[in-house]
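**Q** Predicted model follows, preceded by the sequence.
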Amino acid sequence: MPLKEEALQIFDFALKSVLPENLIKDKIKIENNNLYIEKDIYPLKDKFYILGSGKASVSMAKAFEKYFLDYIEDGLVISNYTEKLKKVKVLEGSHPLPTEKTIDATKSLIEKIKSLKENDFFIYLLSGGSSALLELPIEPITLEDLKITTNLLLKKSVPIDDINTVRKHISKVKGGRLAKLTKAKGVVLVISDVIGDNLETIGSAPLYMDKTTYKDAYNVLKKYNIWEEIPESVKTVIEKGLKGEIEETPKNPPENIKHYIIGNNSYMLNKAKEKATEIGYKTYIMTSSLHGEAKEVAKVIMSIAKEIEKSENPFKKPVCLLFGGETTVNVLGNGKGGRCQEMALSALKEFKNLEKVVFLAAGTDGIDGNSDADGAVIDKNDYLKANELGLNIDEYLKNNDSYNFFKKLNSLIFTGKTGTNVMDIQILIVG
C-alpha cells in the first residue's frame, strides 16, 4: 500500500475514535440504573437532564439520545448551529464573538440549571467554543462593551490565559460561576481542545473553578495598556471586584459536580499509534503539546525525517512518528488555508532531498483556517509535481495561500465538519 494511503488510514482511524458518538459509546455505560464513568458509579434514581455548551455539544447530545434516550428527562445545549433532537433542545449562540443570540441562549440555560432541584442529576457536555457560545456579562456591562473589551485584548495579542482571566471576571457564568446556580448533583463530560487539558481553561470553566482574581484581571489590563481604553462599565465591575463588592470566582471545584475528560489529543494519538502499529510500523508519540509558528514547526519535524532517512537516528526505518497540539499562523497575506495546510506547505520545501517519506497535517474539527479542507498529506511526488507546474512554495507561503497550492496537487484532506475538536494531528512516516 502507498505510504500516503497508510497515513490517511491512520488519520481516519484516529479521527473516528474522538467523534462524540464513539467517545460516549466507549466511555459511558448505564446498567441496572447505574451510570458508570471511569471508576465512578452514580445511582440513577430518576431520569437525568442533559445540558451543555460548545461546538461539539450537539453531537454529544445526539450520542446520548442514541444510546441512552430512555434515561433522559429533557435538556438544553448551546452550539454554533441548531438542530432538532428528540429530547434535548438546541439553542444557537455565536462564535467566535458572542452576540444577542449568545446572551439569550445563556439566559435560557441559566433558567434551566436554576430550575433543577437538589435531588436532580444532570450531565453537562462541554467542548471547545463554549467561551463565546456561553456568555452573560455582569451588569452594567453591555454586549457591545464586552465585544469592545474582547477585541482590545485580541488586538494587543494578549495570551489566551490572560484573556480568560479578564473574561471570567466580567461574566456571570465563567470561572465556576454557573456551578453556583445549582445544588443539583452533576457530572461534566469534557472534550478538550487545549494543550495540557487544564479544566480551568476549557470553555472558560463554567462549572469548575478559577484560581485567578480581580487583581489579576486588573493587572492584565494594565500590563497590556488596555485599562484606559476599556469601556467604563468594565472598569466599574473590575473596581467593584477589587473592593470586594462583587464576589470572586470560586476558588475550589464544587462538591456536587465532577469533571471527566472523555476525549483529548493524547487519546487520539494513542488510537493513531494503535492503527500504525497494526499496519506494521514501529510507532512513537512524540508530543501532544506541539505549538509555535506552523511553518517553523514543520522545519523541525522535517529535520527529524531527514536524520532518520540518512542515518536511522534516533529511530530505525520504517517508522511512524505522531505529533499533536495546536500551532499558529501569522497571517500576512490574503490567501486561503489554515495552520495544518501551512505546515504541510512549509514541510514540502524540505522534500527535495527526501525519498520514502510522507507527512500529514490535519485538524479534527474538519475546518482548517478559512478553508473547507481539514489539512493536507504530502510526499516526494507532490514536490516534483509542484515543480512541473511551476508553483513557487515561497510565494504561496507569503500569501498564506496553502489551500490553492494543494488544490492544484490534489493533496488536500476533506472530512467535512466532524462535530468534535481535540486540536490537530501530524503523522510522519519514514519508509
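**A** Arrived safely.

**Q** from here on, contacts and neighbour counts on C-alpha atoms
**A** Fine.

**Q** what are the bridge partners for residue 359, then?
**A** When assigned by DSSP bridges, residue 359 has beta-bridge partners residue 378, residue 428.

**Q** give me every residue that touches residue 138.
**A** 170, 171, 172, 237 (CA atoms under 8 Å, 6 or more residues apart in numbering).

**Q** tell me what the biggest helix by length in the chain is packed against?
**A** Longest helix in the chain, counting residues (DSSP state H): helix 294-311. Contact partners of helix 294-311 among helices and strands, from 3 or more CA pairs under 8 Å, 6 or more residues apart in numbering; DSSP states H and E: helix 339-348, strand 424-430.

**Q** Adding distance to residue 284, pLDDT and neighbour count, write the contacts of residue 138 out as TSV.
**A** Converted to TSV, the contacts of residue 138 look like this (distance: CA to CA, whole Å; pLDDT from 0 to 100; neighbours: other CA atoms under 10 Å):
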residue	distance to residue 284	pLDDT	neighbour count
170	43	98	26
171	42	98	22
172	44	98	22
237	49	98	22
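
**Q** returning to what we had before: just the helices and strands packed on helix 294-311: most buried one?
**A** helix 339-348 (a mean of 29; mean count of other CA atoms under 10 Å).

**Q** Give me the contacts around that helix.
**A** In contact with helix 339-348 (CA under 8 Å, 6+ apart) are residues 294-299, 301-302, 327-329, 359-363, 368-369, 374-379, 382-383, 393, 397, 400-403, 424.

**Q** Let's see the PyMOL selection covering just the buried ones among the residues you listed.
**A** Buried residues among those (16 or more other CA atoms under 10 Å), as a PyMOL selection:
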select buried, resi 294+295+297+298+299+301+302+327+328+329+359+360+361+362+363+368+369+374+375+376+377+378+379+382+383+393+397+400+401+402+403+424
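
**Q** and stretch 392-399, average pLDDT?
**A** For stretch 392-399, mean pLDDT rounds to 98.

**Q** Distance from the chain centre to that stretch, please.
**A** 28 Å (CA atoms, centre = their mean, to the nearest Å).

**Q** For that stretch, buried residues please.
**A** Applying 16+ other CA under 10 Å to stretch 392-399 flags 393, 396, 397 as buried.

**Q** check contacts around the closest residue to residue 401 other than its chain neighbours.
**A** Spatial nearest neighbour of residue 401, chain neighbours left out: residue 335 (4.0 Å); criterion: CA to CA, 6 or more residues apart in numbering. Each residue near residue 335 by CA under 8 Å, 6+ apart is listed here: 399, 400, 401, 402, 403, 404.

**Q** Let's see that with 10 Å instead.
**A** Residue 335 is in contact with 370, 371, 396, 397, 398, 399, 400, 401, 402, 403, 404, counting by CA atoms under 10 Å, 6 or more residues apart in numbering.

**Q** now do residue 1
**A** Contacts of residue 1 by CA under 10 Å, 6+ apart are residue 279.

**Q** likewise residue 294?
**A** Residues near residue 294 by CA under 10 Å, 6+ apart: 326-330, 338-347.

**Q** Got the domain ranges for this structure?
**A** Here the domain parsing of the chain from automatic domain parsing is 19-136+171-213+248-263, 265-430.

**Q** Tell me where the stretch 151-300 of the chain has strands.
**A** With DSSP state E, counting those that start in this stretch as the criterion, the stretch 151-300 of the chain has strands at 185-191, 257-263, 282-290.

**Q** Which among the ones you listed is found nearest to residue 408?
**A** Nearest of the strands of the stretch 151-300 of the chain to residue 408, taken as CA to CA: strand 282-290 at 28.3 Å.

**Q** how far off helix 294-311 does that closest one point, in degrees?
**A** 160 degrees (axes from the mean of the first three to the mean of the last three CA atoms, to 10 degrees).

**Q** What is strand 282-290 packed up against?
**A** helix 265-279, strand 319-325, strand 424-430 (3 or more CA pairs under 10 Å, 6 or more residues apart in numbering; DSSP states H and E).

**Q** Done for today, thanks.
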